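*Asks:* okay, sequence plus prediction incoming.
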Amino acid sequence: MLEIRDLTCGYEKFHLREISFRVGRGELIGIIGPNGSGKTTLLKAITGAIKPQKGEILLKGKNTRHMGFRELARTVAVVSQNIPASFMTVEEFVLLGRIPHYSRLQFLETKKDEEIAQKYMSMTDTLTYQHQPMEEISGGERQLAVVARALAQEPELLLLDEPTSHLDIKHQTAILDLVRELNKSSRLTVMMVLHDLNLASEYCDRLVLLNNGSVHRIGTPAEVLTFQIIEEVYETVVVVEKNPISHKPYVLVVSGQNYEKAS
Amino acid sequence: MNRKVTRWIIWTLVLTGILLITGASSLCIGSAGIPLREIVPLMRFGRGTTEYSILFDIRLPRIILGFAVGGALSLAGVILQGMFRNPLVEPYTLGISGGAALGVCLNTALRMSHATGSLSMPLSGFFGAVVIIAAVYSLSLRKGMLRIQQLLLTGVMISFISSSLIMLIMAVSRTEDLHGIIFWIMGSLQEPSWQLIKLTVIVSICGLAVSHLFCPDLNALSLGEEEALHLGINVERTKKLLFLLAAMLTGLSVSIAGIIGFVGLVVPHFVRLFLGGDHRILLIGSFLSGATFLILCDTLARTIISPMELPVGVITGILGGTLFVYALSKRRVLFGRS
């Protein structure tokens, strides 16, 4: 589905260096790493917001450099972090997701566009407040609407940039359960940036651990989330245990003071 | 057809109706009152009479110009506010009016008008506007990207520079030129040349048509540039085209009617308050409302202290500003209703 080859790109002060990995169709990949390790930059490179200086990004075998904006938006949808709260209603907001599918001179949404919007609003449980303005609903509800809009683009690859930050655990699991469900049922390929290592471990098939703009480790959660790797990359003392129900690793931090007391 | 589209059509019809009524009343009202029922006979048989020339040589051109300029300025305001995502932007914030005014001042002070005749004021205004647009645009461009914040700041600064230069010119110019400059700066819809009026009407209606091709882009841009990119919008190209479109509409309006402030700022706000933020209704709604507003203001300007005449910019400022402050204080209520 997605192949990244020797990707080097970035800003004046920060660069991703020679990133290479492949994501198969229907995989759910988590991108983890400390602040400033290049997670968001990587997503931006895939969406075309920043241009690669070296290397290439292939989507379904096609170099994204040669894809038009609309073509790219029909293949890749993004759930970003800070969506401005506006006066537009949830329904209007979700319908914006149909823009990449508009024909050149299309002015109004078609019946089909509306049906698709309704379908994904019902899937994300946003139908009940579809006529409320985006600014009057809670952060969790808004995030669900953002997911609904991304799904209304009917992409083949869904990118999520910290979709669960600022949310309580109920909304965190609601969003990630939905993503996992879609990933299973319709083979949607998903790549998400997560800060929370435990959520990444619980939901992702594979994890890409970035550090200082390079790939530090790629593998299953059990392979990547070991205390040696995490302590090295995050420079924090941690304990890694196994979740008794899902058997995925989970990471506990140890505060500086307690660590001193114990040693 | 769904409810949203029905609502849009009804609003468009209502606003067109209000525009026609305003235009018709403006035709009748004036220091020489001419009842509406006499207009049709006058049109057919009255050629040569005083009434005929008052109606069709004095009032009608002003109404038509008011329609074109008011529509163009509001349209430019909506486009710029949508693209900058900043409610305080208006066509004049970007230095376009400053440039046009500077052009006219230079023309008057250097007495170049004898060379080019009656077109010289609009021509020099348009030339000034074009120079400023080019300067603001190229100063905000880096690596082929139009930086929105930079554009705004550069525009504001260039506005200040040109208004200082205008004051400098006014300080050193002769008294008899001063009046012409001041009168031009205050704005007026009095324009003797039918050719120019036709041109303005054509350009503003074309601008309206072209802007409608950008409805999805403007709607997507209301979420921010990055989100618009995620929705498949060619953000850089859209920003450049929209800026040039708005600049052209403003430049032409300013060079023909002088500086008529507030239309481009207040009207889009009002329309957004009542019709919502979707550009598919906002563009046409603002155009029609702006046209109505300016015709109304111009009618007031020439009747309040008739037979004397007030500058129309004074009326738009006072009326627009007051209404706007009032609307802001009632904002919650207005939103609750829609």
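*Replies:* Here it is on my side, so go on. Residues are numbered from 1 along each chain as shown, chains lettered A, B, ... in the order given.

*Asks:* just say helix, strand or coil for the residue in the stretch 201-338 of chain B that chain A sits nearest to.
*Replies:* Closest to chain A within the stretch 201-338 of chain B is residue B:232: 2.9 Å, counting by CB to the nearest CB. In short, each C-beta sits where N, CA and C put it, glycine included. Following DSSP: H, G, I helix; E, B strand; the rest coil, residue B:232 is assigned to coil.

*Asks:* so what's it up against?
*Replies:* Counting by CB atoms under 8 Å, 6 or more residues apart in numbering or on different chains, residue B:232 touches A:68, A:69, A:70, A:71, A:72, A:73, A:74, A:99, A:100.

*Asks:* looking at this, the last one is in a strand?
*Replies:* No: when the secondary structure is assigned by three-state DSSP, residue A:100 falls in helix instead of a strand.

*Asks:* which residues touch the residue in the stretch 1-150 of chain A that chain B sits nearest to?
*Replies:* Nearest to chain B, among the residues of the stretch 1-150 of chain A, is residue A:73, at 2.9 Å (CB to the nearest CB). Residue A:73 sits next to A:99, A:100, A:153, B:230, B:231, B:232 when contact means CB under 8 Å, 6+ apart.

*Asks:* can you read off the pLDDT for the residue in chain B sticking out farthest from the centre?
*Replies:* Largest separation from the mean C-alpha position in chain B: residue B:45, at 35.2 Å (CA atoms, centre = their mean). pLDDT, residue B:45: 77.

*Asks:* in a strand, residue A:223, correct?
*Replies:* No: per three-state DSSP, residue A:223 lies outside any strand segment and is helix.

*Asks:* so it sits against residue A:209, correct?
*Replies:* No: the criterion here is CB atoms under 8 Å, and residue A:223 misses it with residue A:209 at 9.9 Å.

*Asks:* got any residues that touch both of those two?
*Replies:* Shared contacts of residue A:223 and residue A:209 (CB under 8 Å, 6+ apart): residue A:217.

*Asks:* more crowded one of the two?
*Replies:* Per other CB atoms under 10 Å in any protein chain shown, whichever of residue A:223 and residue A:209 has more neighbours is residue A:209, with 26 against 14.

*Asks:* next secondary structure after whichever strand or helix holds the more buried one?
*Replies:* Element membership for residue A:209 (DSSP states H and E) is strand A:206-211. Using DSSP H and E, the helix or strand that directly follows strand A:206-211 along the chain is strand A:214-219.

*Asks:* so in that sheet, which strands flank that following strand, and in what orientation?
*Replies:* Its sheet considered, strand A:214-219 pairs with strand A:206-211 (antiparallel) by DSSP bridges.

*Asks:* need the residues of the stretch 101-250 of chain A near chain B, please.
*Replies:* Within the stretch 101-250 of chain A, the positions adjacent to chain B are A:102, A:105, A:106, A:107, A:108, A:114, A:153 by CB under 8 Å from any CB of the partner chain.

*Asks:* separation between the residue farthest from the centre of chain B and residue B:30?
*Replies:* With the distance defined as CB to CB, to the nearest Å, residue B:45 ends up 21 Å from residue B:30.

*Asks:* cool, and residue A:106?
*Replies:* Taken as CB to CB, the span from residue A:106 to residue B:30 is 46 Å.

*Asks:* tell me where chain A has strands.
*Replies:* With DSSP state E as the criterion, chain A has strands at A:2-10, A:15-23, A:28-32, A:54-59, A:62-63, A:76-79, A:157-161, A:189-193, A:206-211, A:214-219, A:238-242, A:249-253.

*Asks:* okay, residue A:106 and residue B:30: which has more neighbours?
*Replies:* residue B:30 (17 against 14).

*Asks:* just to revisit the earlier point, for the residues of the stretch 101-250 of chain A next to chain B, pick the one with the most neighbours.
*Replies:* residue A:153 (25 neighbours).

*Asks:* give me phi/psi at that one?
*Replies:* Backbone geometry at residue A:153, expressed as degrees, to the nearest 10, gives phi -70, psi -10.

*Asks:* need the contact list for it.
*Replies:* When the contact criterion is CB under 8 Å, 6+ apart, the partners of residue A:153 are A:73, A:74, A:77, A:97, A:98, A:100, A:101, B:231.

*Asks:* now rank those residues by neighbours and give me the top one.
*Replies:* Compared across these, residue B:231 has the highest neighbour count, 28 neighbours, by other CB under 10 Å.

*Asks:* tell me if I'm right that it and residue B:220 touch.
*Replies:* Yes: contact criterion CB under 8 Å: residue B:231 and residue B:220 qualify, at 4.5 Å.

*Asks:* what's the overlap in contacts for those two?
*Replies:* Contact criterion CB under 8 Å, 6+ apart; residues shared by residue B:231 and residue B:220: A:96, A:99.

*Asks:* in space, what's closest to residue B:319 - neighbours in sequence excluded?
*Replies:* Leaving aside its sequence neighbours, residue B:319 sits nearest to residue B:297 (CB to CB, 6 or more residues apart in numbering or on different chains; 6.1 Å).

*Asks:* just checking, what packs against the helix or strand hosting that neighbour?
*Replies:* In this assignment (DSSP H and E), residue B:297 forms part of helix B:279-303. Where contact means 3 or more CB pairs under 8 Å, 6 or more residues apart in numbering or on different chains; DSSP states H and E, helix B:279-303 is packed against helix B:3-28, helix B:60-84, helix B:194-212, helix B:215-221, helix B:263-275, helix B:312-329.

*Asks:* how about a cut-off of 6 Å?
*Replies:* helix B:3-28, helix B:60-84, helix B:215-221, helix B:263-275, helix B:312-329 (3 or more CB pairs under 6 Å, 6 or more residues apart in numbering or on different chains; DSSP states H and E).

*Asks:* returning to what we had before: I'd like the strands of chain A as a markdown table, with mean pLDDT appended.
*Replies:* Formatted as a markdown table, the strands of chain A follow (pLDDT from 0 to 100):
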| stretch | mean pLDDT |
| --- | --- |
| strand A:2-10 | 88 |
| strand A:15-23 | 89 |
| strand A:28-32 | 95 |
| strand A:54-59 | 91 |
| strand A:62-63 | 90 |
| strand A:76-79 | 94 |
| strand A:157-161 | 94 |
| strand A:189-193 | 95 |
| strand A:206-211 | 94 |
| strand A:214-219 | 93 |
| strand A:238-242 | 91 |
| strand A:249-253 | 90 |
